[in-house]
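> Any chance you could fold what I've pasted below:
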Amino acid sequence: MSGIFIIAELDGSIGERVHALQERFDPKLAAESPPHVTLIGSSGAGPIPADTSVASLRAAIESVTSTTPPLTLRFGLPMRFLQREIVVLPLDPHGPLRTLHQRLKESGIPYAPARWPFTPHCTLSFYPTLTQESLRPLLALREKELWTLRTLRVYHTRTPQPPTLLFDAPLLG
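I've put the predicted structure just below:
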């Protein structure tokens, strides 16, 4: 996987809890990156081309984040993602999060076609093959704490190398 991605990392106690779950159920995923929700680069809009200038990217993203207030979000019940060996904590794809995603898409940022419709989520388990013994406790999890998305993080990803943080864009509206 290569390209530029816009994500929101989970912070505070919810980030710590989700990271602990990832370490328990998928240590490889937990070691790769902190728990996060991808806003551009996966569902709804594919990765941004790696040759996009950081200056133009920053200008486009900050035109959105400067007028967007922090978003208070709640995860839904864990689910298997698209009938695959992936378990996620989903977020409501409508409302303020959809508006933010749509504004980013319409900001002039180039991006590849998406493979799936916008389905915001935080991945709990990606790499292991699921069994009834591993799937049952994953699907029984409940994350009831509200989470506030305050900052977008923009990363250049070049698998298998670690991603490079390009810049942060706080929600200031």
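> how many neighbours does residue 62 have?
16 (other Cβ atoms under 10 Å). To be clear about C-beta, it is placed using only N, CA and C from the backbone, and glycine gets the same treatment.
> Sorry, slip of the keys, the one I care about is residue 140.
9.
> For it, give its distance to residue 122.
Distance of residue 140 to residue 122, computed by Cβ to Cβ, to the nearest Å: 17 Å.
> Residue 83 now?
Distance from residue 83 to residue 122, by Cβ to Cβ: 19 Å.
> Then residue 168?
18 Å.
> buried stuff in stretch 115-125?
In terms of neighbour count (16 or more other Cβ atoms under 10 Å), stretch 115-125 has its buried residues at 118, 119, 120, 121, 122, 123, 124, 125.
> can you check stretch 162-173 too?
For stretch 162-173, burial by neighbour count (16+ other Cβ under 10 Å) applies to 163, 166, 169, 171.
> Could you do stretch 33-52 as well?
Neighbour-count burial for stretch 33-52, counted by 16+ other Cβ under 10 Å, picks out 33, 35-48, 52.
> how much distance is there from stretch 25-44 to the middle of the chain?
6 Å (Cα atoms, centre = their mean, to the nearest Å).
> Now do the SS call for the spatially most central residue of the chain.
Geometric centre of the chain, nearest residue: residue 37, 1.8 Å, by Cα atoms, centre = their mean. Residue 37 carries the three-state label strand when classified by DSSP: H, G, I helix; E, B strand; the rest coil.
> Likewise for residue 92?
Using three-state DSSP, the structure places residue 92 in coil.
> show me what contacts it?
73, 74, 76, 120 (Cβ atoms under 8 Å, 6 or more residues apart in numbering).
> I'd like those residues as JSON lines, with distance to residue 153, pLDDT and secondary structure appended.
Shown next, in JSON lines, are the contacts of residue 92 (distance: Cβ to Cβ, whole Å; pLDDT from 0 to 100; DSSP: H, G, I helix; E, B strand; the rest coil):
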{"residue": "73", "distance to residue 153": "16", "pLDDT": "96", "secondary structure": "strand"}
{"residue": "74", "distance to residue 153": "21", "pLDDT": "96", "secondary structure": "coil"}
{"residue": "76", "distance to residue 153": "23", "pLDDT": "95", "secondary structure": "coil"}
{"residue": "120", "distance to residue 153": "15", "pLDDT": "96", "secondary structure": "coil"}
